[in-house]
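J.: Need coordinates for the following:
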Amino acid sequence: MFLRLLCLCAAGLSHPSCDLCQELGPTPGRGAGGGVCPRRFSHSWEPAPGRLPTLQTVRYGSKAVTRHRRVMHFQRQKLMAVTEYIPPKPAIHPACLPSPPSPPQEETGLIRLLRREIAAVFQDNRMIAVCQNVALSAEDKLLMRHQLRKHKILMKVFPNQVLKPFLEDSKYQNLLPLFVGHNILLVSEEPKVKEMVRILRTVPFLPLLGGCIDDTILSRQGFINYSKLPSLPLVQGELVGGLTHLTTQTHSLLQHQPLQLTTLLDQYIREQREKDSVVSASGKPDPPDPVPDS
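T.: All right, here's what the predicted structure looks like:
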């Protein structure tokens, strides 16, 4: 409404609802409906007393550029430089101080499960071989696992942060130098060393580091030498053959003296019979043999 009154006053017209036009009367020169209103700019920006203008023009100033840091006044710079806090130097360098003890880590259920599995592996298997876990493809690893499983050799992988604490507190602590980086355990209930070495020769980039057989620690060369030994049935056959030969030889040695004595007695009896037959034919006995002086 106020804008409409302003437009009417600017056009030189009076409006009956305008209080100022009613007080001053019609515009001179044009009457109530004509002529240029001399009050068109005198009261267009001045609202009535006690009223606020409906529309106001607000001038917005330019904003400060805050992209760069404002430079500190040089007096403030001097004051900040003078009042800067200089901490005292420690008597002992922090690098020379012992490191603070790390807080004890709580064992999770997974760690306890892995520890029980490791204890079962070292307790139930007679052969434990340690190999370096190289970057094998999934297909090669699956093929090698299948070939080992044919001979009842299992492949186990455990994290070193769980395996090393177990070895430190067990009788296998001398195996700790073998566990550097990622390792694979080849375990079996029976020492199938010959089959394991034969399979590992087909994978030359999977080195055998060492291990233990029947609680005896062996190196890589020790495993190779063990694989060259004859099989247990063959050794048992050789042992049985050797024992049988010794038994036969002992029996023959025990029978040698009685047989020799029996042979000598038979010969003596034959000689006596021959002498008796000669005496009976001639009728004169032979002179007795002289008795040697004792």
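J.: Longest helix in the chain, please.
T.: In the chain, taking DSSP state H as the definition, the longest helix is helix 232-282.
J.: which residue ranges form the strands in this protein?
T.: Counting by DSSP state E, one finds strands in the chain at the ranges 127-132, 154-156, 183-188, 208-213, 216-219.
J.: Report the buried residues of the last one.
T.: Neighbour counts using 16 or more other CB atoms under 10 Å place L218 of strand 216-219 among the buried residues. From N, CA and C alone the C-beta is placed, and that goes for glycine too.
J.: again with stretch 129-137
T.: Residues A129, V130, C131 are the ones in stretch 129-137 that count as buried (16+ other CB under 10 Å).
J.: For it, measure first residue to last.
T.: Using CA to CA, to the nearest Å, the end-to-end distance of stretch 129-137 comes out at 21 Å.
J.: same check, this time on stretch 222-231
T.: Note: stretch 222-231 ends 16 Å apart using CA to CA.
J.: and it, how far from the chain's centre?
T.: Centre-to-centre, stretch 222-231 and its host chain are 31 Å apart (CA atoms, centre = their mean, to the nearest Å).
J.: One more: stretch 208-223?
T.: Counting by CA atoms, centre = their mean, stretch 208-223 is centred 23 Å from the centre of its parent chain.
J.: Give me the residues contacting that stretch.
T.: 126-132, 171-172, 174-175, 178, 183, 186, 191, 193, 196-197, 200, 207, 226 (CB atoms under 8 Å, 6 or more residues apart in numbering).
J.: Domain map for this structure?
T.: The chain resolves into domains spanning 1-48, 111-227 when parsed by automatic domain parsing.
J.: Those: lowest mean pLDDT?
T.: Looking at these, the lowest mean pLDDT belongs to domain 1-48 (a mean of 48).
J.: Show the contacting residues for H251.
T.: If a contact means CB under 8 Å, 6+ apart, then H251 has no contacts.
J.: Against L163, how distant is it?
T.: In this view, H251 and L163 are 57 Å apart by CB to CB, to the nearest Å.
J.: Also R76?
T.: 62 Å.
J.: I'd like to know which of the domains of the chain lies nearest to E238.
T.: Ranking these by proximity to E238 (CB to CB) places domain 111-227 first, at 17.5 Å.
J.: Can you tell me which of the contacts of stretch 208-223 are buried?
T.: Buried, going by 16+ other CB under 10 Å: 127-131, 172, 175, 178, 183, 186, 191, 193, 196-197, 200, 226, out of the contacts of stretch 208-223.
J.: The residue lying closest to K152 once chain neighbours are set aside pairs with what?
T.: Nearest residue to K152, sequence neighbours excluded (CB to CB, 6 or more residues apart in numbering): S188, at 5.6 Å. Beta bridges link S188 to M127 when assigned by DSSP bridges.
J.: right, and S188 touches M127 too?
T.: Yes - under the criterion of CB atoms under 8 Å, S188 makes contact with M127 at 4.9 Å.
J.: any residues in contact with both of these two?
T.: Residues touching both S188 and M127 (CB under 8 Å, 6+ apart): I153, M196.
J.: Distance check, P94 against P88.
T.: Relative to P88, and taking CB to CB, P94 is found at 14 Å.
J.: oh sorry, the question was meant for T262
T.: Taking CB to CB, one finds T262 at 114 Å from P88.
J.: Which one's more surrounded, those two?
T.: Neighbour totals were compared for T262 and P88, and T262 leads with 10 against 5 (other CB atoms under 10 Å).
J.: Against H251, how distant is that one?
T.: 16 Å.
J.: Please report phi then psi for K228.
T.: Dihedral angles phi and psi of K228 (degrees, to the nearest 10) take the values phi -80, psi -10.
J.: for it, what are its contacts?
T.: If you count contacts by CB under 8 Å, 6+ apart, K228 has none.
J.: Repeat that for K141.
T.: Applying CB under 8 Å, 6+ apart, no residues contact K141.
J.: What of L200?
T.: Neighbour list for L200: C131, L206, L208 [criterion: CB under 8 Å, 6+ apart].
J.: returning to that earlier point: wait, what's in contact with the residue nearest to K152?
T.: Counting by CB under 8 Å, 6+ apart, S188 touches N125, R126, M127, H151, K152, I153, L154, M196.
J.: swap the cut-off to 6 Å and go again
T.: For S188, the contacting residues are M127, K152, I153, by CB atoms under 6 Å, 6 or more residues apart in numbering.
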